[in-house]
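Novice: Sharing a model prediction with you, sequence too.
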Amino acid sequence: MTLEKNKKIPGAYRASDNLVLIGLEPPIRGFDDFMGVWLYRGEVDFIVDTGPSSTAPQLIRTLESLGVSRLDYILLTHIHLDHAGGIGEIAERFPEAPVVCHKDGIPHLVDSVRLWEGTLKTLGAIGEAYGPVKNVEESRFVRAESFRSDFVDAVATPGHSAHHVSFVAGDFLFAGEAGGVYLEVEPEMGYLRPATPPRFFLETSVKSIDALISKKPRKICYGHFGMCDDAVGMLERHRRQLFAWKEIIEEEMASSPRKNFVQDCQNVLLQKDKNLEPFFALSAEKQERERGFLSNSIRGFAGYLQGLADNS
């Protein structure tokens, strides 16, 4: 579904009368139109995720330009810095809003030293560009497991991370990365890839997808980056994609030299997975970004498959 750009407010895309996608631009080449925050205004007013701390001033300016002066909730799908790194600044700006987060993620946002150090170790320069997390008082948090709302339903969806939560509100499913990464490269040309970094467990991810399908949402809103009308169809498509990746990567593990394994897998996947075809329509900078994430997702699958082999 093509989103309508707000001509007066840069980075704001109208998805419906109630829903806006706010695109964030961290200081990293090729990361434009990739990272976003969803704003819903209606029965209740909330945002889903905050983006990294380096884009928090941009998010606050855009929310203010959209006339948002208060929020009922700040909903976090997971605590990776591209989704929750700006929580300190956003929680400060909207002091009335409880922050809904998986119970295992909360301690890392109350005292973020280990989260920041782990991000730098894993992502290096990209982590630096996201910026450190500003701590949040524990009293601001509500555990997603005990969150109750007449309009918003929190659904545990481990897979991309152990502490991942998705949210269903009316027709909309805010899936974070539980349904993969979706990019509308051109109208009617959608790129879909798994977000399966180490440690990845296929059965856990599939169970989460099935839990979302059971909710029968109409529209799926991705953390990266856009919305599709056929939520159940997109979830089923991603489910099939995960099993196809398992088969392809399993074959490559048996035949590819170890030193070339990740690159060989990437080449085969780009050739065989029709969901990845729009990759070649991306700019060179965005292809470089995607190659990095594709490699990380392949490593997640490889670790999972190696674990199966070790336990057989």
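Specialist: Perfect, I can see it now.

Novice: which stretches of the stretch 151-300 of the chain form helices?
Specialist: 202-214, 231-255, 261-272, 284-310 (DSSP state H, counting those that start in this stretch).

Novice: typo on my end, it should be the stretch 1-150 of the chain
Specialist: Under DSSP H, counting those that start in this stretch, the stretch 1-150 of the chain gives helices at 56-65, 81-84, 87-93, 106-110, 113-123, 125-130.

Novice: Which of those helices sits closest to Val185?
Specialist: helix 81-84 (19.9 Å; C-beta to C-beta). Every residue, glycine included, has its C-beta placed from N, CA and C.

Novice: on contacts alone, who are the packing partners of the closest one?
Specialist: helix 113-123, helix 125-130 (3 or more C-beta pairs under 8 Å, 6 or more residues apart in numbering; DSSP states H and E).

Novice: Include mean neighbour count and mean pLDDT when you put these into TSV, please.
Specialist: TSV is the format used below for the helices and strands packed on helix 81-84 (neighbours: other C-beta atoms under 10 Å; pLDDT from 0 to 100):
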stretch	mean neighbour count	mean pLDDT
helix 113-123	15	94
helix 125-130	18	96
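
Novice: Reformat the ones you listed as a markdown table; add distance to Lys272.
Specialist: As requested, the helices and strands packed on helix 81-84 are exported to a markdown table (distance: least, C-beta to C-beta, whole Å):
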| stretch | distance to Lys272 |
| --- | --- |
| helix 113-123 | 28 |
| helix 125-130 | 28 |
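
Novice: Looking at the ones you listed, which is nearest to Leu202?
Specialist: Closest approach to Leu202 among the helices and strands packed on helix 81-84 is made by helix 113-123 (21.2 Å; C-beta to C-beta).

Novice: How about residues contacting that closest one?
Specialist: With C-beta atoms under 8 Å, 6 or more residues apart in numbering as the test, helix 113-123 has contacts from 79-81, 108-109, 127-128, 130, 132-133.

Novice: try stretch 48-59
Specialist: Contacts of stretch 48-59 (C-beta under 8 Å, 6+ apart): 11, 22, 24-27, 35-38, 40, 74-77, 81-90, 129-134, 167, 174, 176, 221, 223.

Novice: who wins for proximity to Phe201 among the helices of the stretch 1-150 of the chain?
Specialist: helix 113-123 (18.3 Å).

Novice: angle of the closest one against helix 284-310?
Specialist: Per axes from the mean of the first three to the mean of the last three C-alpha atoms, to 10 degrees, the angle that helix 113-123 makes with helix 284-310 is 100 degrees.

Novice: I'd like the distance from helix 113-123 to the chain centre, please.
Specialist: Centroid displacement of helix 113-123 relative to its chain, using C-alpha atoms, centre = their mean, to the nearest Å, is 18 Å.

Novice: Can you report how many residues neighbour Pro197?
Specialist: By other C-beta atoms under 10 Å, 20 other residues sit near Pro197.

Novice: Spit out the contact partners of it.
Specialist: Going by C-beta under 8 Å, 6+ apart, Pro197 touches 160, 296-297, 299-300.

Novice: If you rank those residues by neighbours, which is first?
Specialist: Highest count within the contacts of Pro197 by other C-beta under 10 Å belongs to His160, 29 neighbours.

Novice: That residue and His83 touch, don't they?
Specialist: No: in this structure His160 lies outside contact range of His83 using C-beta atoms under 8 Å: 9.9 Å.
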